[in-house]
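**Student:** Attaching a predicted model along with its sequence, questions to come.
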Amino acid sequence: MAKLLYKLGRWSYLHKWRVIVAWLLLLGAAAAAALSLMRPFTSEFAIEGTPAIDALTAVEENFPDAGNVATAPSVNVVFAAPEGQRLDTPEYMAAVDATVNYIHDHLGVDGQRFGNPVTVNRDLQASVIEQMTDMGMPAESAKADAHNLRTLSDDGRIGYTTFDFNAESSMSVEQADRDVVTQAMQLGRDAGLEVEAGGAGFGDPIAVKTTSEMVGLGVAFVVLVVTFGSLAASIIPLLSAVVGVGIGALLVLLTTHWVDLNNVTPVLAVMIGLAVGIDYALFILSRFRQESRTLPPDQAAGMAVGTAGSSVVFAGTTVFTALVALALARIEFLTWMGFAAAATVLIAVLVALTLVPALLGAWGSKAFAGKVPGVAGNPGPGKRPGKDLDQNSMGRRWVRVVEKVPGLVMAVVVLGLGALTLPVLDLEMALPSDSTSNHDTTQRKSADLMAEGFGPGVNAPLLLVVDAHTVNPGAEILQPYMSAIPDSAGGDAEKAALASFLYAVGQVGSVNGIAHAQLIGANDDLTAAQILATPEGGPEEEYTLDVAHGVREVTRQVEDATGTDIGLTGLTAVQMDITEELANAMPLYLTIVVGLAIVLLMIVFRSIMVPLVAGLGFLLSVGAAFGVTVLVFQEGLFGLVNTPAPILSFLPIFMIGVTFGLAMDYQVFLVTRMREAYLRRKDVDTQRAVHESTIDGFAQGARVVTAAAVIMIAVFIAFLDQPLPFIQIFGFALGVAVLFDAFFVRMSLVPATMFILGRATWWMPKWLDRLLPEVDVEGTELEGEHA
C-alpha cells in the first residue's frame, strides 16, 4: 500500500492543478446538487419496532382520526397570574382572552381544550362528569376524572390551553406560525401575566452558529504556526479540511432528498470531519517537511503520502469502520448519523492524500515561507540559532521522565482515569424535552409552570390503547363488570369489551407511582379504547421510567386475564424505549469496536501487548470522559452549566464510536514511529532496542500528535458556544475524551508500559504472525528503496 500511495502523492504533486481543480469542481457539484434537492431535517428520534411505536400503530388503526400522538404538532400555552392572585379576575381574563383570540384569528385553530382556560375548565369539568355518569360510573369517580383533565390549577393562579398547529407533524411547523404564538404571548405579558409556551410543536428549530467552526479553525491556525513556524504551511491543512468538510456536509444535505435525517446529523459530521481533516493533513505535511531535507520536493511528497499517508489510511479506516458499525445497534437515526460522519471522514482521508500534496506543489518553494522567528526551530530575533527540535524537544524530555518512573506513571494514569470513571455509575439518559431544556427558555418555563399547577406528571402522560377485538366474554375477572353494565350497552362482546376497559383502568390506576388513570375514549364499535395514565413524577425522573415499566407489567397480566392486547405509548414511552434500546445496544457495540481495534493493531504492529494496552487505554479514556461529562452536565459540578439534566441517550454509544476511532489515530501515528525505530535496532540488543526506539519514536511523533490533539480538542470545545444543549454536550464530551486519550493514555501510559514490558512489547507467537496478513503501515520497504 505504501508504494501505491507514494505514486499517488508524487502524481498529485506533479499534477497539482488537475487535482485542485477536480476537488473544486466536486465541491461546486455537491453544492449545486444539495441546494437543488435538499429537504428539511427532522428532530425525531424514532426507532421502528419498539413496543411504544407498535402501540402507536394500534392507535392509528383503531382511531384513524387521532393522528400520531408522538409527532403531533401540539402546543401548550401556559398562563400564570402574579403570586397570590387568580386568572379569573376581570383584568387577567381580558388578557388571556386577547392572547387566545389572537392565536385563533391568525392560525384558525380550535378544539375542545382550546380557549380561555378558566371557561374551558368549567365547561370541560361539567362535560366529563355528565359523560362518565351517563356510562354508569359513580359520581365520585367521574369527578376525579374531570379533575385530572382540568385546565385551571386548584388555586386559580395557573391555567393552560392546548391546540395543534395546522401541520402534518411537529417537524413541519412553519416558523411563521410559531411567531404568531410568540406575538400572542406578548399580549398577555404586557398585561402583567406570565405567559410561556411548550409542547412538541413549539420546539426551537435547530440553530447552528458558524462561530464554532471559525473558533476551531482559528485555534488550529495558531497551533499549526507553532508546529511548523510557517504561515504558509499553516494554511494548507485548513484549506484541505474546509474542502473535505464542505463536500461532506453538502452530501449530507443532498441525502435528505431520499432519507429523513435528524437535525443533529450534519452538526456531528462537520464537527468530526473538521477535526480529522486538519489532523490528517497535519501528519502528511509534517512528514513532507522531514523528507524534503533529503529528497527532491516531488519525491518528498510521495514519501510523505507513502509513509504518513499509510497511517492516515489505516487511522481513517478505523474511524470509518467504528462509525459505520453504529448500524449494528439497529437504530435508524443513529445509523444515519454514523454513515454521515463516516462519509465525511472518508472524504477527509482522500483530500489529505491528494489535495495536500497538490497544494504543496502549488506552493512550491514557498510551502514553508513566512517563517515566525523563534518558533518551531526557526532562528530567534537577532538571528540566534534555532533549537534542534529532535534532540532538545519537550517530547524527548517527557519520555525520558517516563522511562525513569514507568510504574508511577502507569499507576497515576490508571488510578486517576479510573477514579474519574466512577460517576458513570450514576449515569441517567434521556432525550431532549421541555422538562430538560435550559431554564431560560420558554419551553422549560412552561413545563415548570405546568408541573407547579397540575403536578409533574402532567408533562409525562402515558397513553394506553386497549384492543378488545379478541376479548374473552367468559373471562372470570370480567363477570362482575359485565353484570353491572346495562343491556342497552349491547351484546356480550360489547359488554366484555367495555368491562375490559374498566378493569384495565382500575389495574393501571393501582400501580405505585400512577396519580390517576382514566378512560378517555372508545371507538364507535367498542373494540378499542384509550386510557390516560398520569404518573406522579416528571419525564426526566428515573422513577417515572420505573412506573412505566410497572404499568407494562400490569397490562401483561390484564392481557392474560381478559384476552385483550394492550400497548403503552405516548411521547414519554417512546423516548423511554429509545433510551433503553440504545443502552442495550451499547455493550455489544463496545465489544465489537474494542475487539476490532485489537485485531487491526495486531496486524499493523505484529504484537500482542501493544493492541491490548491500546484497547484497555481506550476504555480508561472513554470511561473518564463519560464520568466528567456526568459530573458537569448531569450533576451540575461547580455550576458550569445552568441546567443540569440527564445525558442525551445516544451520546454514549456515538461517543464510544468516535473516541475509539480517534484513539486509534493517535495510537497509529505515535506507535508507528516507535516501531520504525525498533525495526532499525532490533538485531542489536533487544531490551535496549525497545527503550531507545520508544524514546526516538516518541520524540519524532509527539510534537505532531500533540498539535493534532490540541487542534481536535479546540474544534470540539468550540461547539460549547452552540445554543442547543445536546450539541454542547457532544463538543464537551469529545474534547475531554481526546484530552484524556492523547495526553494521558497515548503519551504516558503507552510508553510507560513499553518500558515495563521491554522485549515482550513486540512479542507475537510465530504461528499467529504467519496467520495474520502483512501490512507495511510504516512504509519500511518504501524507505529502503529510497535510502
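**Tutor:** That came through, no problem. Numbers count the residues shown, from 1 in each chain.

**Student:** what about the residue of the chain most remote from its centre, distance to residue 415?
**Tutor:** Residue farthest from the centre of the chain, counting by CA atoms, centre = their mean, is residue 487 at 56.3 Å. Using CB to CB, to the nearest Å, we find residue 487 at a distance of 76 Å from residue 415. Where C-beta positions appear, they are placed from N, C-alpha and C, glycine not excepted.

**Student:** same check, this time on residue 378
**Tutor:** Applying CB to CB, the value for residue 378 to residue 415 is 41 Å.

**Student:** mind listing the strands for the stretch 1-150 of the chain?
**Tutor:** For the stretch 1-150 of the chain, applying DSSP state E, counting those that start in this stretch gives strands covering 74-80.

**Student:** In it, what residue spans correspond to helices?
**Tutor:** Using DSSP state H, counting those that start in this stretch, the helices of the stretch 1-150 of the chain run over 2-14, 16-37, 51-62, 90-107, 117-134, 139-148.

**Student:** Name the stretch from those that approaches residue 181 most closely.
**Tutor:** Nearest to residue 181, of all the helices of the stretch 1-150 of the chain, is helix 90-107, at 6.2 Å by CB to CB.

**Student:** residues making contact with the closest one?
**Tutor:** Helix 90-107 is contacted by residues 77, 79, 81, 85-87, 109-110, 114-118, 159, 161, 163, 165-166, 177, 180-181, 183-185, 187-188, 190-193, 195 when judged by CB atoms under 8 Å, 6 or more residues apart in numbering.

**Student:** After the longest helix seen in the chain, which helix or strand is next?
**Tutor:** Criterion DSSP state H: the longest helix present in the chain is helix 571-605. Per DSSP states H and E, the first helix or strand lying C-terminal to helix 571-605 is helix 609-629.

**Student:** what's that next one packed up against?
**Tutor:** Helices and strands touching helix 609-629, by 3 or more CB pairs under 8 Å, 6 or more residues apart in numbering; DSSP states H and E, are helix 406-421, helix 571-605, helix 651-681, helix 725-739, helix 750-757.

**Student:** Just list the residues touching residue 536, thanks.
**Tutor:** Neighbour list for residue 536: 455-457, 513-515, 543, 547 [criterion: CB under 8 Å, 6+ apart].

**Student:** Please repeat the previous calculation with a cut-off of 7 Å.
**Tutor:** If you count contacts by CB atoms under 7 Å, 6 or more residues apart in numbering, residue 536 has them with 457, 513, 515.

**Student:** got a pLDDT number for it?
**Tutor:** On the pLDDT scale, residue 536 is placed at 94.

**Student:** ok, it to residue 460 distance?
**Tutor:** Distance from residue 536 to residue 460, counting by CB to CB: 9 Å.

**Student:** Okay, now the unreliable bits of the stretch 601-750 of the chain?
**Tutor:** Scanning the stretch 601-750 of the chain for pLDDT under 70 picks out 682-685.

**Student:** cutoff 90 now
**Tutor:** For the stretch 601-750 of the chain, the stretches with pLDDT under 90 are 601-606, 614-615, 618-619, 638-693, 696-697, 699-705, 708, 711-712, 714-716, 718-731.

**Student:** Can you pull out the low-pLDDT segments for the stretch 301-450 of the chain?
**Tutor:** For the stretch 301-450 of the chain, applying pLDDT under 90 flags the ranges 306-338, 364-395, 427-440.

**Student:** ranges for the strands of it?
**Tutor:** For the stretch 301-450 of the chain, applying DSSP E, counting those that start in this stretch gives strands covering 429-430.

**Student:** what about residue 643, which helix or strand?
**Tutor:** Residue 643 is located outside every helix and strand, with elements delineated by DSSP H and E.

**Student:** wait, what's in contact with it?
**Tutor:** Here residue 643 is in contact with 438-439 (criterion: CB under 7 Å, 6+ apart).

**Student:** so which strand or helix has residue 502?
**Tutor:** Per DSSP H and E: helix 492-509 holds residue 502.

**Student:** Sheet partners, orientation included, of the helix or strand following that helix?
**Tutor:** Downstream of helix 492-509, the next assigned helix or strand under DSSP H and E is strand 514-522. Taking DSSP bridges as the criterion, strand 514-522 forms sheet pairs with strand 528-535 (antiparallel).

**Student:** in the partner strand, what counts as buried?
**Tutor:** Neighbour counts over strand 528-535 (16 or more other CB atoms under 10 Å) mark 528-535 as buried.

**Student:** Which single one of these is nearest to residue 363?
**Tutor:** Nearest member of those to residue 363, counting by CB to CB, is residue 535, at 64.3 Å.

**Student:** Please name the nearest non-neighbouring residue to that closest one.
**Tutor:** residue 457 (4.3 Å; CB to CB, 6 or more residues apart in numbering).
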